[in-house]
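In: Got a sequence here, can you build the structure:
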Amino acid sequence: MPATMKAVIYDRYDHDGEGIRFVTDHPTPETGGSLVVLKVCAASLNQIDYKLWKIPVVGMMINSKVMGLDVSGVVVYAPAGSGFAKGDEVFGFAKKGKSGSFAEYAATKPEYLAKKP
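Out: Predicted coordinates:
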């Protein structure tokens, strides 16, 4: 995996969207921990993604800079005992730590993912 990736990030809370921007040098999620890391193939924009950043208290409390919740992708790292393996095609919820789905790679808890049928 590359050290950096393209991502849509949230810099600061505001009402007009000026705190949201596209970057090409955001750090790629680290492997080796308890989170599953995936190469993002698809992400969706839904009401929660949009509205979450418009609520002052929530926007200030969120520690993730990368936006996006829904994700579909291919596992590039899976911790032992997670039920996933490198190469598995998965979908789910990509929000844990500093990760989100509007990026080339995302990291999330294994219980937030399911294998594609």
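
In: right, and the helix or strand after the lowest-mean-pLDDT helix or strand in the chain?
Out: Ranked by mean pLDDT, DSSP states H and E, the weakest helix or strand in the chain is helix 56-61, scoring a mean of 54. Going down the chain from helix 56-61, the next helix or strand is strand 70-77, by DSSP states H and E.

In: Mind giving me the packing neighbours of that following strand?
Out: Identification of packing neighbours for strand 70-77 by 3 or more CB pairs under 8 Å, 6 or more residues apart in numbering; DSSP states H and E yields strand 36-43, strand 89-93, strand 105-108. Where C-beta positions appear, they are placed from N, C-alpha and C, glycine not excepted.

In: between those, which gets nearest to Pro27?
Out: Closest to Pro27 of the helices and strands packed on strand 70-77 is strand 105-108 (CB to CB; 9.8 Å).

In: Contacts for the closest one, please.
Out: 1, 5, 28-30, 33, 35-40, 66, 68, 71, 73, 76, 92-97, 99-100 (CB atoms under 8 Å, 6 or more residues apart in numbering).
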